[in-house]
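*Asks:* Starting from these lines, generate the structure:
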Amino acid sequence: MMDLKSCCLLVTPTSFGKGDPRLRTELENLVGKVIYNPTSRPLNSDELVNLLPGCDGYIAGLDAINRSAIMAADNLKVIARYGVGVDNVDLEAATERGIRVTNTPGANSVSVAELAIALILALARNIPEACAATRQGEWPRLNGTSIEDKCIGLVGFGAIGKQVARRLAGFDCRILAYDPFPDMPYANEHQVEIRPREYVLNQADFLSLHLPLTLKTREIVNSQFLASMKPGSFLVNTSRGELIDETALLEALTVKHLRGVALDVFTREPPGVDNPLLCLPQVIVTPHTAAHTDGATIRMGRMSVQDCLAVLRGDIPHHPIN
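*Replies:* Reported below is the predicted structural model:
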């Protein structure tokens, strides 16, 4: 058990405390020293190598926490992920060093689900195009796509996928979902059809990705996956950019197999102005903003601080990963 007043914490999520400014003050009153992210983006390994030495706890954003960074963390006891995914954390190296890793499951599920639905609607009703044209003095008549009576496919039916399905129920659409370990009682309660992946891809007018990034899911959306999707359908990704082979996606859009795509995430973030996907008018992009709402940031902040301090006190965290 450590005296919290002697502890030093590194806090890197750029939205930490924005939903509830009291969180920063409370944390600073509890521990001896808090070091905040000196940039407005996730940190790379070299930056962490310079910041982590001497830190006892680390509340982590989407930083690249590889073996080099972990080996440089001479006093570190805990990495508390501000979010769900731990794909950027070298769990093997952390476990070797006796560093506990935690996350905040469910904290941002509603916020991510809301953005997924917002992007579906934006694609369906050509909202970005309509907004841009109207600002330029035009008054176009754009033909949209109704959600009613359409088929919405969810690839991944975990916490976020379930929240999407629950909120789509009021749109009078058919909801299909694929998941290797589906929650059948929840699916039955919310009129979600659990189907094989190929069936979901073939039938969905709108396909929304809700998968974690693992060795098996990396670039799962490849040329074969995209060819299996219904011609003229839409794809939405609010999960991880690495799920998609962006070259294959570009080809599917170029040949008009897909009608439109909405991406909140990219393999490289920020993607850079040279990314050809950004040049296509049928592609809607947002800056990995799905979890950035007042409700999500408050929950993620509270949960990550709670588990970080629990480990430093010698207690068992609520949401351990290793």
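*Asks:* what comes up buried for stretch 135-153?
*Replies:* For stretch 135-153, a neighbour-count test (16 or more other C-beta atoms under 10 Å) marks 145, 147, 150-153 as buried. C-beta coordinates here come from the backbone N, C-alpha and C atoms, glycine included.
*Asks:* Would you check which pair of these lies furthest apart?
*Replies:* Pairwise distances across the buried residues of stretch 135-153 (C-beta to C-beta) peak at 14.7 Å, for the pair Thr145 and Gly153.
*Asks:* Could you list every helix and strand that the longest helix seen in the chain packs against?
*Replies:* In the chain, with assignment by DSSP state H, the single longest helix is helix 294-313. With contacts taken as 3 or more C-beta pairs under 8 Å, 6 or more residues apart in numbering; DSSP states H and E, helix 294-313 sits against helix 22-30, strand 57-60, strand 78-81, strand 100-102, helix 109-124.
*Asks:* would JSON lines of the ones you listed with mean neighbour count, mean pLDDT and distance to Tyr36 be doable?
*Replies:* Formatted as JSON lines, those follow (neighbours: other C-beta atoms under 10 Å; pLDDT from 0 to 100; distance: least, C-beta to C-beta, whole Å):
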{"stretch": "helix 22-30", "mean neighbour count": "14", "mean pLDDT": "95", "distance to Tyr36": "8"}
{"stretch": "strand 57-60", "mean neighbour count": "29", "mean pLDDT": "98", "distance to Tyr36": "10"}
{"stretch": "strand 78-81", "mean neighbour count": "29", "mean pLDDT": "98", "distance to Tyr36": "15"}
{"stretch": "strand 100-102", "mean neighbour count": "24", "mean pLDDT": "98", "distance to Tyr36": "20"}
{"stretch": "helix 109-124", "mean neighbour count": "22", "mean pLDDT": "98", "distance to Tyr36": "22"}
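*Asks:* so which of these gets nearest His288?
*Replies:* Taking those one by one with C-beta to C-beta, helix 109-124 is closest: 10.3 Å.
*Asks:* which residues in the stretch 201-322 of the chain form helices?
*Replies:* 223-228, 246-254, 294-313 (DSSP state H, counting those that start in this stretch).
*Asks:* and Ala122, how far is that from Ala165?
*Replies:* From Ala122 across to Ala165, the span is 19 Å (C-beta to C-beta, to the nearest Å).
*Asks:* measure stretch 281-301 end to end?
*Replies:* Taking C-alpha to C-alpha, to the nearest Å, stretch 281-301 runs 36 Å from one end to the other.
*Asks:* tell me the mean pLDDT for it?
*Replies:* In this model, stretch 281-301 carries a mean pLDDT of 94.
*Asks:* before we move on, the earlier item: tell me which residues in the longest helix of the chain are buried?
*Replies:* Applying 16+ other C-beta under 10 Å to helix 294-313 flags 296-312 as buried.
*Asks:* domains of this protein?
*Replies:* The chain is divided into the following domains under automatic domain parsing: 4-105+294-313, 109-285.
*Asks:* Save those as TSV, and put in distance to Pro320 too.
*Replies:* Below are the domains of the chain laid out as TSV (distance: least, C-beta to C-beta, whole Å):
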stretch	distance to Pro320
domain 4-105+294-313	6
domain 109-285	17
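*Asks:* Tell me which of the ones you listed lies nearest to Ile321.
*Replies:* domain 4-105+294-313 (4.3 Å).
*Asks:* burial of Ile160, as a residue count?
*Replies:* 28 (other C-beta atoms under 10 Å).
*Asks:* how far out from the middle of the chain is the helix or strand hosting it?
*Replies:* In this structure, Ile160 sits in helix 159-168 according to DSSP states H and E. Centroid separation between helix 159-168 and its chain, computed with C-alpha atoms, centre = their mean, to the nearest Å, is 14 Å.
*Asks:* Renumber starting at 43 from here on
*Replies:* In the new numbering, first residue 43, that becomes helix 201-210.
*Asks:* Contacts for that helix, please.
*Replies:* With contacts defined as C-beta atoms under 8 Å, 6 or more residues apart in numbering, helix 201-210 is touched by 126, 147-148, 151-152, 154-156, 158-159, 189, 194, 196, 199, 217, 219, 221, 225, 228-229, 232, 234, 250, 252, 280-281.
*Asks:* Tell me who's in contact with Ser188.
*Replies:* Contacts of Ser188 (C-beta under 8 Å, 6+ apart): Ala166.
*Asks:* Ramachandran angles for it?
*Replies:* phi -70, psi 140 (degrees, to the nearest 10).
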